[in-house]
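Student: structure, please.
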Amino acid sequence: MPYRAPVKDIRFILDHVVGFDQVTATPRFAEATPDMAGAILAEAGRIATDIIAPLNRAGDKHPARLENGAVVSSPGFAEGYHAIASGGWVGMAANPEHGGMGLPFTLALAVDEMMSGACLALNLKPVLTKGQIEALEHHASDAIKALYLPKLTSGEWSGTMNLTEPQAGSDVGALRTKAEPNGDGTYAITGQKIYITWGDSDLVSNVCHLVLARLPDGAEGTRGISLFMVPKFIPDAAGNLGARNSLRVVSLEHKL
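Tutor: Residues are numbered from 1 along each chain as shown. Next up, the predicted model:
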């Protein structure tokens, strides 16, 4: 049975269950009127149904593969991702200061429900990027925000979360990845991460990894863990891509 985005059901939940009107009654989200929300949900539903959902079969028949150290995505995924990124869907709830729409997270979550229901394999890419955007907005330095957030928000770059290691799954504190200071404000990161969703792809020009690692003087367990930005390509101060970083994809997981 082909996927059809449940736009009416989601609209009903927002209006009569979640209390979305309480969100839009705040000064911050006053522009997110019922008409605007309805138009956004309708367009997201169209993209999910017509563009994203058909990619499930292509991804199942022709999964991503690793060729000469580079990940080659499934047929059609580039076009599907472009529809998401070019429409501004990655930055729906992101800060307008960095190119986002500044819309309520509740509405962005409703859109993600449809796009993930249509093809989770594809939509996990923007979902992980949104998570990275939120982490950077709350915790990154001003310099990192200025350099990375505009590109991530536009979907030109994508983001990942690098936590799990072969010996450190639910026990994240057991990680062995190390971060050695280079003396110039940067760090040399060494270690291995596994199960990294969209850890590399040919859909974007740069993949930005948030990596958990331990400094030389870091305490044992989770208290001694720090978080580092590790881009596939190291950008200059203007955001232009420079040298390829040393991180590499060594294998892909074969999932059901």
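Student: let me see the contact set for residue 102.
Tutor: Applying Cβ atoms under 8 Å, 6 or more residues apart in numbering to residue 102 gives the contacts 28, 93, 94, 95, 96. (Glycine included, C-beta is placed from N, CA and C.)
Student: go on, residue 80?
Tutor: By Cβ under 8 Å, 6+ apart, the neighbours of residue 80 are 51, 52, 55, 119, 122.
Student: and stretch 172-181, average pLDDT?
Tutor: Stretch 172-181 shows a mean pLDDT of 95.
Student: pretty sure residue 114 contacts residue 48?
Tutor: Yes - contact status for residue 114 versus residue 48: in contact at 4.3 Å, counting by Cβ atoms under 8 Å.
Student: spit out the residues that contact these two alike.
Tutor: residue 5.
Student: in PyMOL, select just the buried ones from the contacts of residue 102.
Tutor: A single PyMOL command selects the buried members of the contacts of residue 102 (16 or more other Cβ atoms under 10 Å):
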select buried, resi 93+94+95
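Student: the contacts of residue 102: which two are farthest apart?
Tutor: Greatest spatial distance among those (Cβ to Cβ): 28 and 94, at 13.7 Å.
Student: narrow the contacts of residue 80 to just the buried residues.
Tutor: Looks like the contacts of residue 80 have 51, 52, 55, 119, 122 buried, using 16+ other Cβ under 10 Å.
Student: ok, so of these, who is nearest residue 79?
Tutor: Minimum distance to residue 79 across these is 7.4 Å, recorded for residue 51 (Cβ to Cβ).
Student: and whichever helix or strand residue 39 is part of, what does it pack against?
Tutor: Per DSSP states H and E: residue 39 is located in helix 34-47. With contacts defined as 3 or more Cβ pairs under 8 Å, 6 or more residues apart in numbering; DSSP states H and E, helix 34-47 has these neighbours: helix 7-13, helix 20-24, helix 105-118.
Student: let's see it at 10 Å
Tutor: Contact partners of helix 34-47 among helices and strands, from 3 or more Cβ pairs under 10 Å, 6 or more residues apart in numbering; DSSP states H and E: helix 7-13, helix 20-24, helix 77-86, helix 105-118.
Student: mind listing the helices for the stretch 101-250 of the chain?
Tutor: Using DSSP state H, counting those that start in this stretch, the helices of the stretch 101-250 of the chain run over 105-118, 120-139, 142-154.
Student: out of those helices, which comes closest to residue 71?
Tutor: helix 120-139 (11.6 Å).
Student: and the closest one with helix 142-154, angle?
Tutor: For helix 120-139 against helix 142-154, the angle between stretch directions is 150 degrees (axes from the mean of the first three to the mean of the last three Cα atoms, to 10 degrees).
Student: check which helices and strands helix 120-139 sits against.
Tutor: helix 55-61, helix 77-86, helix 105-118, helix 142-154, strand 157-162, strand 206-214, strand 225-231.
Student: what is the orientation angle of it with helix 77-86?
Tutor: Using the same axes, to 10 degrees: helix 120-139 against helix 77-86 is 40 degrees.
Student: distance from helix 120-139 to the middle of the chain?
Tutor: Remark: helix 120-139 is offset 3 Å from the chain centroid, using Cα atoms, centre = their mean, to the nearest Å.
Student: excluding its backbone neighbours, what's nearest the residue nearest to the spatial centre of the chain?
Tutor: The residue lying closest to the centre of the chain (Cα atoms, centre = their mean) is residue 129, at 1.6 Å. Excluding its sequence neighbours, the residue lying closest to residue 129 (Cβ to Cβ, 6 or more residues apart in numbering) is residue 159, at 4.3 Å.
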